[in-house]
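Trainee: Let's see this in three dimensions:
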Amino acid sequence: MNVFLTTIVLWLSASFGLPAIPDHPRVEFVPASKIIELRYKDVAGKQLSSPIESTSTEGQPETVAIYDDATRTIYLPDGWTGNTAAESSILVHEMVHHLQNLGKLKFACAQQRDELAFEAQERWLGLFGKNLSREFGLDSMSILVKSKCFY
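Mentor: Got it, this is the predicted structure:
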């Protein structure tokens, strides 16, 4: 995993100018229920990144992964292997948040952090002929709403 994380850090730094900080996050594999629990703690005020969500078969958003700034931990679902472009793009998205956190980058709101995370995830998927719309059901309007400050 460390070699893969280093590869992602170097790619993000070269592609998006994020700091190439070699301090890797903790990565925990947890049940989907734990990721959902963390998501709702985020809503209640704990500082977590905006989670990656995909559209479930019922058309509802479901949280796929999340990053915790305080503990520097990426929470991935049990069964995640990183063997597909979609799965590895989830880690890319969360690594953007990790580097933003370690680099002490400032944003007007937590949602604004996702603008670059989704851009990086989309570009990563593009390397494999894929995109966020097909892999996660996220169209450009959904991404816009998820990454803008509305206050």
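Trainee: pLDDT score for the nearest residue to Phe150 once chain neighbours are set aside?
Mentor: What sits nearest to Phe150 in space, not counting adjacent residues and going by CB to CB, 6 or more residues apart in numbering, is Gln111, at 7.9 Å. For glycine as for every other residue, the C-beta is placed from the backbone atoms N, C-alpha and C. At Gln111, the model reports a pLDDT of 88.
Trainee: what about Gln111, how many neighbours?
Mentor: Here the number of neighbours of Gln111 (other CB atoms under 10 Å) works out to 17.
Trainee: For it, give its distance to Glu28.
Mentor: Distance of Gln111 to Glu28, given as CB to CB, to the nearest Å: 24 Å.
Trainee: now swap in Phe150 and tell me
Mentor: Here Phe150 is placed at a distance of 31 Å from Glu28 (CB to CB).
Trainee: Looking at those two, which is more packed in?
Mentor: A side-by-side neighbour count of Phe150 and Glu28, using other CB under 10 Å, places Glu28 first with 14 against 6.
Trainee: can you pull the contacts of the more buried one?
Mentor: With contact set as CB atoms under 8 Å, 6 or more residues apart in numbering, Glu28 has these partners: Thr73, Ile74, Tyr75, Leu76.
Trainee: residue boundaries of the strands in the protein?
Mentor: For the chain, applying DSSP state E gives strands covering 26-30, 52-55, 61-68, 73-77.
Trainee: Comparing those by mean pLDDT, which bottoms out?
Mentor: strand 52-55 (a mean of 47).
Trainee: Could you give me the buried positions within stretch 19-34?
Mentor: For stretch 19-34, the neighbour count (16 or more other CB atoms under 10 Å) marks His24, Pro25, Val27, Val30 as buried.
Trainee: Understood, closing this out.
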